[in-house]
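*Asks:* Structure, please.
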Amino acid sequence: MTNEELVAEIEALGVKLAQAKASIARRIIGQEEVVDLTLSAMLSGGHALLIGLPGLGKTRLVETLSTVMGLDAGRVQFTPDLMPADILGSEVLEEGQGGTRAFRFLKGPIFCQLLLADEINRASPRTQSALLQAMQERAVTIAGHEHEMPAPFHVLATQNPLEQEGTYPLPEAQLDRFLLQIDVEYPTRDAERDILLATTGTEEAEAEPVFTAGELMAAQHLLRRMPVGEALVEAILDLVRACRPDDDSAPAAVREAVSWGPGPRAAQALMLLVRARALLDGRLVPGLADLHALARPVLIHRMALSYGARARGESLAALIDHVVADRAGKAAA
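*Replies:* Below you'll find the predicted structure:
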């Protein structure tokens, strides 16, 4: 493929993404950044963790995305008594003609293209772990047999940041499988007014399909062919390594406050997401501004504060912003 053909494909995809965002905006009002981050995760072929209070449109967003992106959607409401088989499915013994018996696998709700894992931290670690293989390897193993997930496969999980009583925090290995963490905030006053008018009448606007599953997979493949400058690659490596407390390049604030930092998956996520952000913004090549904007959602769930830092009231968000500013200052110098 020539450079001209690649540019033409990227520009055509940018137009289609603008149509998708317009369709989503009919049902999701005032959450532009959340929509962009979620679309970026899907364009990158990954999963996203949506953290926000009840009633902020997280479930509505997933339902709308399934329509706009042309995906078969499934939903699991995570509760303390949920079992792995309730998600993955199970084998049942059936008796056929002539008295023959055989096991047949009944697929669970995870066998879809877009899975909403609602309040994922309310299920036990045993049940949470049922998602690990599917999220990483796009397959599940039941009774020694591997069953592949539909393609594409994305998990959008939700959490309530306040009500933590009776919940089970996600283990680090599972958090690392989420491409990014998306914080869903309260809408602005003007956006909330628009929400009131749009949702309390006799009719509600409906989203329209823009993509098909095949077109989304083609977009994911095209995204990986987008060029990334050498300077941006080095900046990604510098940023991720600066967030590790045992790395020589880490600033003093990180060494004093961080217990453990991000692994290689963080750099991989940033390499993909900067391209997706550029695409959604109608640009052909990502830049440092994309990296700085994505640093917090990509890194915040891949780091942990020390006990002393938590006692002092420090936050990971402020620490990541400090590292970004530190790296930007060094790059400018």
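*Asks:* only C-alpha atoms for contact and neighbour calcs from this point on.
*Replies:* Noted.
*Asks:* any idea of the pLDDT on the residue located most distally from the centre of the chain?
*Replies:* Largest separation from the mean C-alpha position in the chain: residue 98, at 49.8 Å (Cα atoms, centre = their mean). pLDDT, residue 98: 71.
*Asks:* Please apply the same query to residue 178.
*Replies:* Per-residue pLDDT puts residue 178 at 92.
*Asks:* Use 258 as the first number for this chain going forward.
*Replies:* With 258 as the first residue, the last one maps to residue 435.
*Asks:* count of residues packed around it?
*Replies:* By other Cα atoms under 10 Å, 25 other residues sit near residue 435.
*Asks:* And what about the residue farthest from the centre of the chain, helix, strand or coil?
*Replies:* When classified by DSSP: H, G, I helix; E, B strand; the rest coil, residue 355 comes out as helix.
*Asks:* Show me which positions of stretch 552-571 end up buried.
*Replies:* Within stretch 552-571, the residues that count as buried by 16 or more other Cα atoms under 10 Å are 552-563, 566.
*Asks:* Would you tell me what the next helix or strand after the host helix or strand of residue 392 is?
*Replies:* Secondary-structure assignment from DSSP states H and E places residue 392 in helix 389-394. Remark: after helix 389-394, the chain's next helix or strand is strand 396-399, criterion DSSP H and E.
*Asks:* which is the next helix or strand following that next one?
*Replies:* Under the assignment DSSP H and E, the closest C-terminal helix or strand after strand 396-399 is strand 402-405.
*Asks:* mind listing the strands in the stretch 408-557 of the chain by residue range?
*Replies:* All strands of the stretch 408-557 of the chain, identified by DSSP state E, counting those that start in this stretch, fall at 411-416, 437-440, 515-517.
*Asks:* What about the buried residues of stretch 552-571, which are in helices?
*Replies:* Per DSSP state H, helices hold the following members of those: 552-556, 566.
*Asks:* Give me the number of neighbouring residues for residue 464.
*Replies:* 21.
*Asks:* So in this protein, which helix runs the longest?
*Replies:* Counting residues, the longest helix found in the chain (DSSP H) is helix 260-282.
*Asks:* hmm, back to that, what mean pLDDT does the helix holding residue 392 have?
*Replies:* Averaged across helix 389-394, pLDDT comes to 85.
*Asks:* Need the CA coordinates for it. PDB is fine.
*Replies:* Taking Å, rounded to 0.1, in the frame of the first residue of the first chain, the C-alpha atoms of helix 389-394 are listed here in PDB:
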ATOM      1  CA  LEU A 389      -8.900 -13.100  32.800                       C
ATOM      2  CA  GLN A 390      -8.300 -15.600  30.000                       C
ATOM      3  CA  ALA A 391     -11.100 -14.100  27.900                       C
ATOM      4  CA  MET A 392      -9.700 -10.600  28.200                       C
ATOM      5  CA  GLN A 393      -6.200 -11.500  27.300                       C
ATOM      6  CA  GLU A 394      -6.400 -14.500  25.000                       C
END
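*Asks:* Okay, buried residues for that helix please.
*Replies:* In terms of neighbour count (16+ other Cα under 10 Å), helix 389-394 has its buried residues at 389, 391-392.
*Asks:* which one of the ones in helices among the buried residues of stretch 552-571 sits closest to residue 443?
*Replies:* Nearest to residue 443 among these, counting by Cα to Cα, is residue 554 at 17.2 Å.
*Asks:* gap between that closest one and residue 308?
*Replies:* Computed as Cα to Cα, to the nearest Å, the residue 554 to residue 308 distance reads 11 Å.
*Asks:* Any chance you could list residues touching both of the two?
*Replies:* Counting by Cα atoms under 8 Å, 6 or more residues apart in numbering, the common neighbours of residue 554 and residue 308 are 438-440.
*Asks:* coming back round to it: helix or strand next in line after the longest helix of the chain, which one?
*Replies:* helix 289-300.
*Asks:* so how far is that next one off the chain centroid?
*Replies:* The gap between where helix 289-300 is centred and where its chain is centred comes out at 8 Å by Cα atoms, centre = their mean, to the nearest Å.
*Asks:* can you pull the buried residues of stretch 581-588?
*Replies:* For stretch 581-588, by 16+ other Cα under 10 Å, it's 581, 584-585.
*Asks:* Which of those residues fall in strands?
*Replies:* Judged by DSSP state E, these include no members of strands.
*Asks:* Could I get these in CSV, plus columns for pLDDT and distance to residue 323?
*Replies:* Formatted as CSV, the buried residues of stretch 581-588 follow (pLDDT from 0 to 100; distance: Cα to Cα, whole Å):
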residue, pLDDT, distance to residue 323
581, 89, 34
584, 80, 38
585, 79, 37
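*Asks:* Pick out the residue closest to the middle of this protein.
*Replies:* Centroid-nearest residue in the chain: residue 305, 1.6 Å away (criterion: Cα atoms, centre = their mean).
*Asks:* how much space between that one and residue 567?
*Replies:* For residue 305, the distance to residue 567 (Cα to Cα) stands at 25 Å.
*Asks:* quick one: low-confidence ranges for the stretch 258-407 of the chain?
*Replies:* 258 (pLDDT under 70).
*Asks:* Okay, and which of the buried residues of stretch 581-588 map to helices?
*Replies:* Within the buried residues of stretch 581-588, residues falling in helices by DSSP H are 581, 584-585.
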